[in-house]
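K.L.:
Here you go, sequence then predicted model.
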Amino acid sequence: MRYCTFCGTALEDGDVYCSKCGRKTTAQTWQIPHCSLPKSAPAEPKNKLCCELAYTGTLFWLPLIVCPGEKDARYHANQGLWLLILSVAACTGIRLLSAVNEFLAGRLLGAVFGGVYSLLFILFLFGMLFLLWSAVTRAMDIHRDEAARPILFFEKIPIIRVKKEGE
């Protein structure tokens, strides 16, 4: 089988013009070799799964144990710790609002606070959904070897720091 020298489309033996690009075929046509060398798979970093699991919240410490000296592992551990802190804060806020709402229930102020409670509950719920979405997208970014993105502004406020020599 012959191939077009300009676009690589397969040609029949009697074709004078290429059916794809329309150029005239010459006597010199090239053929694709039947065997090609296999490409080597890209090397997977050993800490990829650990960094992905750091975004589950409670496993934020895993990259620090598996890859203690790597900057990326420390970054993802910090982001996972921030996710855990924000999740606990949101859940605590919902529980406190629920307790205040139950305390004020049956009173005139309870009717007013019931509406405020509903709005704040929806706000906290959206915050929790945002944290879940952030965790999943950050883990997928790691899986796709994309650049790490911070959760909100917490890239500049690391909790886990590295001791430098002399400190």
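P.N.:
Everything's here; your move.
K.L.:
longest helix in this structure, by residue count?
P.N.:
Secondary structure of the chain read by DSSP state H shows that its longest helix is helix 108-143.
K.L.:
Average pLDDT for stretch 160-167, rounded please.
P.N.:
Taken as a whole, stretch 160-167 carries a mean pLDDT of 63.
K.L.:
what's the answer for stretch 62-73, then?
P.N.:
On average, stretch 62-73 scores 86.
K.L.:
And for stretch 93-105?
P.N.:
On average, stretch 93-105 scores 86.
K.L.:
Quick check: buried residues in that stretch?
P.N.:
Residues of stretch 93-105 classed as buried by neighbour count (16 or more other Cβ atoms under 10 Å): 94, 97, 101, 104. In short, each C-beta sits where N, CA and C put it, glycine included.
K.L.:
For Q79, state which of these is nearest.
P.N.:
Nearest to Q79 among the buried residues of stretch 93-105 is I94, at 22.7 Å by Cβ to Cβ.
K.L.:
Chain neighbours aside, what residue packs nearest to the residue nearest to the spatial centre of the chain?
P.N.:
Nearest to the geometric centre of the chain sits R138, at 2.4 Å (Cα atoms, centre = their mean). Distance criterion Cβ to Cβ, 6 or more residues apart in numbering; nearest residue to R138, sequence neighbours excluded, is Y55 at 5.3 Å.
K.L.:
burial measure for that neighbour, as a count.
P.N.:
26 (other Cβ atoms under 10 Å).
K.L.:
got it, and C4?
P.N.:
Residues within reach of C4, counting by other Cβ under 10 Å, total 22.
K.L.:
Would you agree it is in contact with G22?
P.N.:
No: assessed by Cβ atoms under 8 Å, C4 is found out of contact with G22, at 9.8 Å.
K.L.:
L120: what's it in contact with?
P.N.:
93, 97 (Cβ atoms under 8 Å, 6 or more residues apart in numbering).
K.L.:
Residue numbering should commence at 34 henceforth.
P.N.:
Right, with 34 as the first residue, what we last looked at is L153.
K.L.:
so how far is L119 from it?
P.N.:
L153 sits 16 Å away from L119, taking Cβ to Cβ, to the nearest Å as the criterion.
K.L.:
Phi and psi next, for Y36.
P.N.:
Backbone dihedrals for Y36, given as degrees, to the nearest 10, come out at phi -130, psi 150.
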